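Participant: I'd like to go over a predicted model; first the sequence, then the structure.
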Amino acid sequence: MCALLQPPLPGLGGVRPDGSNLMPRTLDGQITMEKTPSYFVTREAPGRIHGMSPDTKLIVVVRNPVTRAISDYAQTLSKTPGLPSFHALAFRHGLGAVDTAWSAVRIGLYAQHLEHWLRYFPLSRFLFVSGERLVSQPAAELGRVQDFLGLRRVVTDKHFYFNATKGFPCLRKAQGSRRPRCLGGSKGRPHPRVPEAVVRRLRDFYRPFNRKFYQMTGQDFGWD
């Protein structure tokens, strides 16, 4: 999730929504961006951000919650090789109830998280970016971001190429740079094989939450 703070912010320069003194002061004609994925699922974040700047624009990148949970697991597994299997963590008692206490599952309950944010910010302050379209149509999604921020569309198709090794788009060489820019080595890693029965159970579990999220945002992300 990104929080974009519109100038001016008198007296608030240097303070992040989490209370630390790392946020630079925003001057006239500038936009300050803070990117922290955990903001969207942190209950204290909406109130703190609103208290700092109620005019903040909020960009939330979402993807299919099943794929997101498996990706989350893959990242954790790379750091903790002895981790139990995905389905052992995702379900209680074999293939019993889905365990929403596990953060990899809980984060994908987008509708529940958004409800909390809407207590502080109107829907018009949000832009929801499709993680799937960010891979398949990066320029189009970033065009929406530029429009949302009131910026001229500078980033276009010519700035991207598809990296077959990583499996997603990368930026071509920027002016003054010697090489293209791709996300770090932790991105694009292969996902572990998850049994189809497990994937199917999670799809069924997330379906009502996804549909509520579509209704709340006015966007159908096509995850069902």
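Facilitator: Cool, the structure landed. As the structure is a computational prediction, the values presented were derived from the model and not from experiment.

Participant: switch to C-alpha atoms for all contacts and neighbour counts from now on
Facilitator: OK.

Participant: so which residue is dead centre in this structure?
Facilitator: residue 61 (3.4 Å; Cα atoms, centre = their mean).

Participant: helices and strands around the helix or strand where it lies, which ones?
Facilitator: Using DSSP states H and E, residue 61 falls within strand 57-62. In terms of contacts (3 or more Cα pairs under 8 Å, 6 or more residues apart in numbering; DSSP states H and E), strand 57-62 is packed against strand 2-5, strand 126-130.

Participant: picking up where we left off before, give the contact list for the nearest residue to the residue nearest to the centre of the chain once chain neighbours are set aside.
Facilitator: Spatially, and ignoring its direct neighbours in sequence, residue 61 is nearest to residue 129 (4.6 Å; Cα to Cα, 6 or more residues apart in numbering). Applying Cα atoms under 8 Å, 6 or more residues apart in numbering to residue 129 gives the contacts 59, 60, 61, 62, 141.

Participant: again, only using 7 Å
Facilitator: By Cα atoms under 7 Å, 6 or more residues apart in numbering, the residues touching residue 129 are 60, 61, 62, 141.

Participant: beta partners of the third one?
Facilitator: According to DSSP bridges, the partner residues bridging residue 62 are residue 130.

Participant: return the distance of it relative to residue 116.
Facilitator: Using Cα to Cα, to the nearest Å, residue 62 is found at 16 Å from residue 116.

Participant: please apply the same query to the second one.
Facilitator: Relative to residue 116, residue 61 is positioned 17 Å away (Cα to Cα).
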